[in-house]
Structures are given as structure tokens and as C-alpha cells.
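What shape does this take:
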Amino acid sequence: MKPKWLFFSYTLPTRPSKPRVHVWRQLRKLGAVNCQAFWVLPFSKERVEELKKLTVEVEGFGGQGLLIDGKVLEGKQEEQILRSFVDARNEEYLELIDKCEDYFKEIEHETERKNFIFAEVEENEEELTKLQQWFKKIEKRDLMGAPLRKTAIEKLKACEKVYEEFAGTVYEHQKRR
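Alright, predicted model coming up:
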């Protein structure tokens, strides 16, 4: 049985750009991918409600929204849609993985400087929390199980380990004072 999809299209006045950016951000947050003239999502009642709300917002901005549910008739086209979902999430996971690498470098830098102060522990804890929250957002949008999810999980666990080691070092350093 072919999956059911939601197709969303909208028009908005060209000026100001803020409403168009808002709608684009909302669609991206939902995990929608743009395929030709439509934004596409797998069908669910929750997504229908979200897109209905977005349609109301579009109309409030002076535009028009069109929401359709249906099936893709050509297997090749459906594969393209599925690939678009995987590519979009892999792109997000890759960005997160890059930020994890930056996190490792930051802790390495502070360790080399022997900057073993509580403010660094606190700052790195906040950065780790941001990475974890970002991962949850991406994971929520990962509707097709993108392959880079596993690598992102491994990198986050490595960040947690590096953070715990750094915090332990700072604790030991402060205790000796």
C-alpha cells in the first residue's frame, strides 16, 4: 500500500519578506521538504492540524494556502520525495556533527590553556545542552530514518564523555587550591 502524503502550497505578497520567512521556517520545523511547487510531508492528523494553522497564518499575511492529501502515483517520483527527506535530515545531522567537532576543539583548547575554572564548566555544559536539544529537534523531523542519525548519536555521546572528563579535571584542580 502506497503511503499517503500531505502537499502544501502557498502564495504571499512579495513584500515584506518577514511572512515568507516565517512560513518557510514553520515548514522546515515540521520537517517538510520542497518538491517542485509543493511542500511535502507524510500524512498524519497532527501534521494536518499544523498545516491548517499555517494556512490560517498565511491568510492572515494576505496570502492563500492550499493543503492536499494524496498519493504519489509514480514510484520514481515517490523515491525522489523519500530521498529529499533523507538528504534534508542528513544535511542537518552533518551540521550538528560539525558543531560537535567544534565542541571537542573548544574543550581541547581550554585543557591546553589549563583554564580549569568553573565558568568554563558552566559554558561547556550550556553548549552541550544546546547540542542535545538541537539533536532532538532534528530527530523529531527525521521521518525516514536518515543514515547520519547514528553518527550524530555517537558524536553527542563523545561530547558528553569529553565534558564529564573536563568537569572532573576542573573539580580536581579546584579542590587542590
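
taking the mean pLDDT, what do you get for the lengthiest helix in the chain?
Ranked by number of residues, the top helix in the chain under DSSP state H is helix 75-112. Helix 75-112 comes out with an average pLDDT of 96.

buried stuff in the least confident helix or strand in the chain by mean pLDDT?
One helix or strand of the chain scores below all others by mean pLDDT, DSSP states H and E: strand 33-35, with a mean of 93. Neighbour-count burial for strand 33-35, counted by 16 or more other Cβ atoms under 10 Å, picks out 33, 35. All C-beta spots, glycine's among them, are computed from the backbone N, C-alpha and C.

Stretch 111-125 too?
Those would be 111, 116, 120-121, 124, for stretch 111-125 by 16+ other Cβ under 10 Å.

can you pull out the helices in this structure?
For the chain, the helices defined by DSSP H occupy 18-30, 45-60, 75-112, 118-141, 148-176.

show me where pLDDT drops low in this protein?
Applying pLDDT under 70 to the chain flags no residue at all.

Give me the residue at the spatial middle of it.
The centre of the chain sits closest to residue 138, judged by Cα atoms, centre = their mean, with a distance of 3.1 Å.

so who does that residue touch?
Contacts here follow Cβ atoms under 8 Å, 6 or more residues apart in numbering; on that basis residue 138 touches 89, 92-93, 96, 152.
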